[in-house]
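Trainee: Based on what follows, work out the 3D shape:
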Amino acid sequence: MKPNVRALAPVTLLLALAPVVVSATPVLLNAGFFDGHYYEVYSAAGIDWPSADSAAKGKSFTYQGKVIPGHLATLTSKPEDDFVESLRVASAVSPGEAWVGGLQTACEPVSPGCGWAWINDEGAIAGVNNALTYANWQVGEPNDSGGDEKYLGIGHGGPGWNDERALGNIGGFVVEYDVPINAAGCANVGGCETTAGQTLTLPAAPPNGATIGVKTYTFMDDPSRCGKTPLSLFGGALVIPSYLCGSPSFLVVKTEPSFGIPSGTVDIFPDNTANECASPITGDPAHQAVVVWQATDSSEMHEKNFPATSDYLPGIGYAGEFTDGCGSSRGNVRSGSYHVIGMHIGFANDAPAFVLGGYVALTSYKLQLLRVAIDAAKNANAISRAQYLVLKATADIAANQFGRGQYVASWFALKVLDVELQKIKITPQPFNHEGDLKMRTSNLIFMIQAKVYPLSK
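Mentor: Model prediction:
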């Protein structure tokens, strides 16, 4: 069993079956674990949203000796929403509607669908005619039908969300506790599960007591964006480049480790069971899912500081695609941050010649970033001058050969570079130069072997 609380999901723990009393005094009805979070459903008939918010913040949950504060549940992904709905239904809250942690703030122009957001700075909630972020409004909602309805309730007459005032038809509220993963298990064989469909394996045992916080978000991409414009999320904290496209829905898993990873790579295994691994690929990039990653601090991404200039890669994106195997789309990353599941590589034109040109431009750009990464390692004294000269010369050969269309020769030079990286000792720095160089090199090897070379034949 993986040492992650999600191993208990979707087990539901029925904690109380007492009949609901029409009172604002909260009574715990039901609780359960899901995706590293613990949820409690309370009965408190007639309670208003501010009182429920205050009550939730006053709750705490002790897990493995750590006291975790509560908050009204924030339903940022469909799997999470479905699980909380199942808890609400099993709890038999009466009346059936319950408060969660969404509310409407002032916005222009004023309308029932604008200004909705989750508490705790967990992002916007899609209103009317806005399908980017996850939302589950009931038909016709939000609508301000009762006047100034600025609080979010779930389960009004059935599944789904409804905007509400502080009325007596509210039966209770849902509390969420952000239970972090015990990071020790992530260094074991097979790693630990951050969310359904993704496992993470650390390169070495973390410090005692180390944890990884996890939060998952569902987004819906606009197909017309694919290959044309970047996608900015979380107020610009995560920027997905134009060549990465949702398929069309995708998940963003934000991981927040309590420790640094100064060396080595973190193995990521998104479980894309519908992924095709035919080689050569047919020309449709959607047949191969990819590993997408960005550091939480986007200034650490070379992609931000050295944006692409090719017509095939318009706009600036901070996130990168770091797949190094097909099947489960295995990839290596430097540390925990933003991981994106459910994307593919796509270009503005899906004609075979344009797709090949897009992959060539993308690989050329990644070769440029590899050389930037080598320079950064040298400037930080993570590698010696002698090591720098070897790595730079080999990377230059790979880039020059690729520029001449000698893809096999370029692949071979990258394989030599990979061997050199395994041999040398890279001095740990606050920035993980070892992980940065290894993940970029292994991704380039895969790009040429599985995509560029087969499509060029």
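
Trainee: C-alpha from now on. contacts and neighbour counts both.
Mentor: OK.

Trainee: Run through the neighbouring helices and strands of the single longest strand found in the chain.
Mentor: Once the chain is assigned using DSSP state E, the strand that runs over the most residues is strand 244-257. Applying 3 or more CA pairs under 8 Å, 6 or more residues apart in numbering; DSSP states H and E, one finds that strand 244-257 makes contact with strand 211-220, strand 338-345.

Trainee: Put the alpha carbons of whatever helix or strand comes next after it into CSV.
Mentor: Downstream of strand 244-257, the next assigned helix or strand under DSSP states H and E is strand 266-270. This file holds the C-alpha atoms of strand 266-270, laid out as CSV (Å, rounded to 0.1, in the frame of the first residue of the first chain):
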residue,chain,number,x,y,z
VAL,A,266,11.8,13.4,-9.8
ASP,A,267,10.2,10.6,-11.9
ILE,A,268,6.6,11.4,-12.9
PHE,A,269,4.3,8.7,-14.3
PRO,A,270,0.9,10.0,-15.5
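
Trainee: Out of the helices and strands packed on strand 244-257, which one sits most buried?
Mentor: strand 338-345 (a mean of 24; mean count of other CA atoms under 10 Å).

Trainee: before we move on, the earlier item: so which of the helices and strands packed on strand 244-257 gets nearest residue 188?
Mentor: Smallest distance to residue 188 across these (CA to CA): 14.3 Å, for strand 211-220.

Trainee: any weak-confidence spans in the stretch 101-250 of the chain?
Mentor: Low-confidence segments of the stretch 101-250 of the chain (pLDDT under 70): 128-131, 168.

Trainee: where exactly do the strands run in it?
Mentor: 116-118, 151-154, 161-164, 170-178, 181-182, 192-195, 198-201, 211-220, 231-233, 238-240, 244-257 (DSSP state E, counting those that start in this stretch).

Trainee: rewinding a little: how about the longest strand of the chain, which residues are buried there?
Mentor: 244-247, 249-257 (16 or more other CA atoms under 10 Å).

Trainee: how about TSV for the helices and strands packed on strand 244-257, with distance to residue 434 added?
Mentor: Below are the helices and strands packed on strand 244-257 laid out as TSV (distance: least, CA to CA, whole Å):
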stretch	distance to residue 434
strand 211-220	21
strand 338-345	19
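
Trainee: need the strands of the stretch 101-250 of the chain in a markdown table with distance to residue 94, can you?
Mentor: As requested, the strands of the stretch 101-250 of the chain are exported to a markdown table (distance: least, CA to CA, whole Å):
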| stretch | distance to residue 94 |
| --- | --- |
| strand 116-118 | 24 |
| strand 151-154 | 13 |
| strand 161-164 | 16 |
| strand 170-178 | 5 |
| strand 181-182 | 34 |
| strand 192-195 | 31 |
| strand 198-201 | 37 |
| strand 211-220 | 29 |
| strand 231-233 | 37 |
| strand 238-240 | 40 |
| strand 244-257 | 33 |
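
Trainee: can you list the domains in this protein?
Mentor: The chain is divided into the following domains under automatic domain parsing: 5-178, 181-456.

Trainee: and the first one, how far from the chain's centre?
Mentor: With CA atoms, centre = their mean, to the nearest Å as the basis, domain 5-178 stands 22 Å off its chain's centre.

Trainee: circling back to that earlier point, closest to residue 110 out of the strands of the stretch 101-250 of the chain?
Mentor: Of all those, it is strand 116-118 that lies closest to residue 110, at 11.5 Å by CA to CA.

Trainee: Other residues contacting that closest one?
Mentor: 74, 101-105, 123-127 (CA atoms under 8 Å, 6 or more residues apart in numbering).

Trainee: What is the nearest of those residues to residue 388?
Mentor: Closest to residue 388, out of all of the contacts of strand 116-118 and judged by CA to CA, is residue 123, at 42.2 Å.

Trainee: Surely the closest one and residue 234 touch.
Mentor: Yes. Using CA atoms under 8 Å, residue 123 is in contact with residue 234, at 6.3 Å.

Trainee: With neighbour numbers in mind, choose between these two.
Mentor: Using other CA atoms under 10 Å as the criterion, residue 123 and residue 234 rank with residue 123 on top: 18 against 11.

Trainee: Let me see the contact set for that one.
Mentor: Contacts of residue 123 by CA under 8 Å, 6+ apart are 117, 234.

Trainee: Let me have the contacts of strand 116-118 in CSV, adding distance to residue 111 as columns.
Mentor: Converted to CSV, the contacts of strand 116-118 look like this (distance: CA to CA, whole Å):
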residue, distance to residue 111
74, 22
101, 20
102, 16
103, 14
104, 10
105, 11
123, 19
124, 15
125, 14
126, 13
127, 9
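
Trainee: Can you say which of these are buried?
Mentor: Taking 16+ other CA under 10 Å as the criterion, what is buried in these is 74, 101-104, 123-127.

Trainee: export the longest strand of the chain as CSV, just CAs?
Mentor: The C-alpha trace of strand 244-257 is given here as CSV (Å, rounded to 0.1, in the frame of the first residue of the first chain):
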residue,chain,number,x,y,z
LEU,A,244,0.8,22.3,-25.6
CYS,A,245,-3.0,21.7,-25.8
GLY,A,246,-5.6,20.2,-23.5
SER,A,247,-7.2,17.1,-24.8
PRO,A,248,-9.5,19.1,-24.2
SER,A,249,-9.9,18.8,-20.4
PHE,A,250,-6.8,18.6,-18.3
LEU,A,251,-5.7,18.5,-14.7
VAL,A,252,-3.1,20.8,-13.0
VAL,A,253,-1.6,19.1,-9.9
LYS,A,254,0.1,21.7,-7.7
THR,A,255,2.6,20.1,-5.4
GLU,A,256,4.3,22.0,-2.5
PRO,A,257,7.1,20.0,-0.9
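
Trainee: just how off-centre is that strand within its chain?
Mentor: The chain centre lies 4 Å from the centre of strand 244-257; the measure is CA atoms, centre = their mean.

Trainee: Contacts for it, please.
Mentor: Outside strand 244-257, the residues that touch it by CA under 8 Å, 6+ apart are 77, 194-195, 210-223, 225-227, 286, 321, 336-346.

Trainee: How about stretch 352-364?
Mentor: 283, 310, 312-313, 346-347, 349, 399, 402-403, 444, 447-448, 451-452, 455-456.
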